[in-house]
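In: Would you be able to build a 3D model of this:
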Amino acid sequence: MESSTYLYDQIRIMILKMIETGEFQEGEKIPSELELVELFGASRITVRRAIKELEDEGALKIVRGKGTFVEKAKRPVRILNLEEGFTDGLQIGNNQVTKVILEKKIITASKGISRLFESEKPIEVLKLVRVIREGDKTISVDYAFLPVEIYPDIENLVGDNISTFRLINNHYKVHFRKAKKEVEIVHPNDEVAALMKVSPLDQIVQIRKIIWDENRPVHYSQYYLRADRIKLSIDIDVNSNKLESIEIPTVDIWE
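Out: Sure, this is the predicted structure:
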C-alpha cells in the first residue's frame, strides 16, 4: 500500500468511506489498532496518525481503555446564511433528511410578535411548526410566523419538504435584504423536549431570527437544534463593512 503520498491520509480517507457506506456504523467500535495495521498493511505509527486526524475532525472518538468509536455525525449549520430556509444552511450530505409540518394555522399574533412586524395592533399570521429529521432522528424544531397581509393564502401553499424561502421569493416576489439572528444555549420546554426526544435537562441551541425585505420585517422564526447533532459555522466576507447592530425584542411564542 506504500506510495509517494502520505499513507496516513489514504488510510484516513478509506476509514471515512467505510463510515459513509455504513461498514462502520455510528456509535460502533471500529477494529483495533493492530487489526487496522493488518487490514491496511501499514505501520502502527501510520494507523495511529490516521486515527488521530479523524478524532481531530470529529469523525472518531477515542475512549481510553475501551477503544475507538464512530462519532455521531454533526451537520454544519451556516448561521449567517440568508438564502436558506428552514434548514438554515444545514449541510445534510447524502443522508435522507425530511421536513415535516406538525401545525399550520392562521392565528392572531400576540402583542410581542405583532410588534416584531412593526404593528401596534394584533395582526394575522400563519403559525408554522415543523421538524427536520435525519432518518428517524429529529435534528431541529422550528416555529415560524408569516404575516397573512404579506403572504395571502400561504397556508394552502406550504407543505412538507417545501422551502418557504423559495416560495416567498418566487411566488410572492419578496426578496430578503437583511436578517438578525440571536444564538443561545437553552434548556427546552416540555413541548420542544418531547418533539426533539431529549430531556428538559439537556442543553440545545436556540436561534431567534427576523428577516426584512427592503422596507419591513417579513419573517420571524424561533427554532431549536440538537447540540449533539450540529455544529455552527460562520462565513465572513472581510470586504463587507455593512455590519449593523439590531436587537430582537424577546417575545413569548407560547402566549
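In: how does this protein divide into domains?
Out: Structural domains assigned to the chain are 7-70, 75-233, following automatic domain parsing.
In: what about residue 60, distance to residue 169?
Out: 40 Å (C-beta to C-beta, to the nearest Å). Just so you know, the C-beta spots here come from the backbone N, C-alpha and C atoms, and that holds for glycine as well.
In: higher neighbour count, these two?
Out: Neighbours per residue, other C-beta atoms under 10 Å: of residue 60 and residue 169, the larger number sits with residue 60, 22 against 15.
In: Tell me how far that one lies from residue 13.
Out: Residue 60 is 13 Å from residue 13, by C-beta to C-beta.
In: Neighbours of residue 42, how many?
Out: Residue 42 has 20 nearby residues by other C-beta under 10 Å.
In: Next secondary structure element downstream of the helix or strand of the chain with the lowest mean pLDDT?
Out: The helix or strand of the chain with the poorest confidence is strand 75-78; it has a mean of 61 (mean pLDDT, DSSP states H and E). Using DSSP states H and E, the helix or strand that follows strand 75-78 in sequence is strand 97-108.
In: Give the pairing partners of that following strand; include direction for each.
Out: Applying DSSP bridges to the sheet, strand 97-108 is found paired with strand 124-134 (antiparallel).
In: May I see the buried residues of the partner strand?
Out: Neighbour counts over strand 124-134 (16 or more other C-beta atoms under 10 Å) mark 125, 126, 127, 128, 129, 130, 131, 132, 134 as buried.
In: surely the first one meets residue 150?
Out: No - between residue 125 and residue 150 there is no contact under C-beta atoms under 8 Å: 9.5 Å.
In: Where does pLDDT dip in the stretch 51-200 of the chain?
Out: Where the stretch 51-200 of the chain drops to pLDDT under 70, the residues are 73-96.
In: Contact partners for residue 216?
Out: Counting by C-beta atoms under 8 Å, 6 or more residues apart in numbering, residue 216 touches 117, 118.
In: hang on, the earlier thing: closest one to residue 36 out of the buried residues of strand 124-134, please.
Out: residue 134 (28.1 Å; C-beta to C-beta).
In: The closest one and residue 31: what is the separation?
Out: 26 Å.
In: do the same with residue 10
Out: Separation of residue 10 from residue 31 (C-beta to C-beta) stands at 17 Å.
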